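Student: Quick one: sequence and predicted model below, then my questions.
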Amino acid sequence: MVDYREIVRDLDMPESLKERLVQSLEKHRPDRKKAEAVIAKVVEIYEDAKYEPCEAIGVIAAQSISEPATQMTMRVYHFVGAAGREVTLGLPRLIEIVDARRTPSTPTMEIYMDEEHNTKEAATDLASRIKESVLHNIAVEDSIDLVNSRLNIKVKAEDLGRLGITGDDLVKSVRKNARDLNVEFDTDTLVFIPKKELSVRDLQKRKVRILNTQISGLKGIGQVVVRKDDKGSWFIFTIGSNLKKILAMPGVDRHRTVCNDIREVEKVLGIEAARNAIIREADKTLSEQGLDVDIRHLLLVADVMCADGSIKPVGRYGVAGEKGSVLARANFETTVTTLMDAAVEGETDELDSIIENVMINQVAPVGTGMCDLVFSKTKTKKGVK
């Protein structure tokens, strides 16, 4: 039997790559000669994938992402569920990611069930419990009684049963938006009686606020769709997100559940998880458009965005705007303002990076430009030109 681990032990490669190589060899069980040929090919590919010292990997990463991005469609949406809600894809989604938007245009989650609850029934039950419902979803009629100066809202009794809430629960939920009203529940009607005299206009304002009161589910989860993936795992696709509360619910697989809101991921799980979310979402967005971008370029962008321990956008309010070089900052959008502020504050530019040297027509410190070579003609041997 061939000991594949012995063969790869002394290779100058990361341990993770060695382990994957061994697993692949053990799966197919080639003889020693074939195994050595496979390993030699892997080493060749690995060496070709390395970058040279002083290579401008930032410029290459930027070009490698932005050039394929020009082929992305400007407006691409995917319709989810019977209601036909739109999920942003394509270039608008990629811009959201690199700009580190506070709230994505369509926040979504994929909530996977754990092994014990990996059934359609369990997923459907959880979906019904997490979907946000507001009062106007179950209200069939609302009216203002001008004679008695009160507000009446009639609801569907069967909807209360479906949502698993009682009349007392409903009263308790709506009271937070009706603090200056006494609330009663009579059979299938909520009755709101002002504690002090209110005009019809005031009652109308309170009616709008009360009808938007959340009565069940998790805030932000507007739509749910139960699905099954290719591996037989049941999950819930949601429009809207509430990662912190979802992860605390029983039956949820906390290791596979994902959210596309990188700011929320940072807040709940920390900066490392947010970095992974940036990589995953950017790679997913490009792959959906049929674009093949090396993952290492995305890794570099994510590292730069998260290097300081918090997510920063790539633009002038983040990475580009915080560069140490005055000329590098001036190169991005706000040229006159940046130069004026630098002049007032007496800033100096050491010309250490690529952008500022290109701007003033000097050799950029990249590639062969990183090396200083001095040639002294007087010290050369006689006869050598």
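Tutor: On my side now, so go ahead.
Student: how about the strands in this protein?
Tutor: For the chain, applying DSSP state E gives strands covering 76-80, 85-89, 108-112, 133-134, 139-145, 150-155, 181-186, 189-194, 214-216, 223-228, 234-239, 258-259.
Student: Tabulate those (a markdown table), appending mean pLDDT, mean neighbour count and distance to Glu52.
Tutor: (Each C-beta comes from the backbone N, C-alpha and C, glycine too.) Formatted as a markdown table, the strands of the chain follow (pLDDT from 0 to 100; neighbours: other Cβ atoms under 10 Å; distance: least, Cβ to Cβ, whole Å):
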| stretch | mean pLDDT | mean neighbour count | distance to Glu52 |
| --- | --- | --- | --- |
| strand 76-80 | 52 | 15 | 37 |
| strand 85-89 | 71 | 18 | 36 |
| strand 108-112 | 94 | 22 | 40 |
| strand 133-134 | 86 | 19 | 59 |
| strand 139-145 | 85 | 14 | 67 |
| strand 150-155 | 86 | 20 | 70 |
| strand 181-186 | 84 | 15 | 72 |
| strand 189-194 | 86 | 18 | 72 |
| strand 214-216 | 84 | 20 | 57 |
| strand 223-228 | 90 | 17 | 45 |
| strand 234-239 | 93 | 22 | 43 |
| strand 258-259 | 94 | 23 | 36 |
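Student: Nearest to Ile246, out of those strands?
Tutor: For those, proximity to Ile246 was assessed by Cβ to Cβ; strand 108-112 is nearest, at 5.8 Å.
Student: per-domain residue ranges of the chain.
Tutor: Per the record, the chain has its domains at 4-49, 133-216, 323-370, by automatic domain parsing.
Student: now the strands of the chain in CSV, with distance to Val366?
Tutor: Listed next are those as CSV, based on distance: least, Cβ to Cβ, whole Å:
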stretch, distance to Val366
strand 76-80, 36
strand 85-89, 35
strand 108-112, 40
strand 133-134, 57
strand 139-145, 65
strand 150-155, 68
strand 181-186, 69
strand 189-194, 69
strand 214-216, 55
strand 223-228, 47
strand 234-239, 45
strand 258-259, 37
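Student: out of those strands, nearest to Val293?
Tutor: Closest approach to Val293 among the strands of the chain (Cβ to Cβ): strand 85-89, 15.5 Å.
Student: show me what contacts Arg129?
Tutor: When contacts are counted by Cβ atoms under 8 Å, 6 or more residues apart in numbering, Arg129 touches Gly164, Ser216, Gly217.
Student: Return the distance of the last one relative to Arg129.
Tutor: From Gly217 across to Arg129, the span is 7 Å (Cβ to Cβ, to the nearest Å).
Student: and if you look at Leu163?
Tutor: Distance from Leu163 to Arg129, counting by Cβ to Cβ: 9 Å.
Student: shared neighbours of these two, which are they?
Tutor: Taking Cβ under 8 Å, 6+ apart as the contact rule, Leu163 and Arg129 both touch Ser216.
Student: Identify each buried residue in stretch 55-68, please.
Tutor: Buried residues in stretch 55-68, counted by 16 or more other Cβ atoms under 10 Å: Ala56, Ala61, Ser64, Ile65, Pro68.
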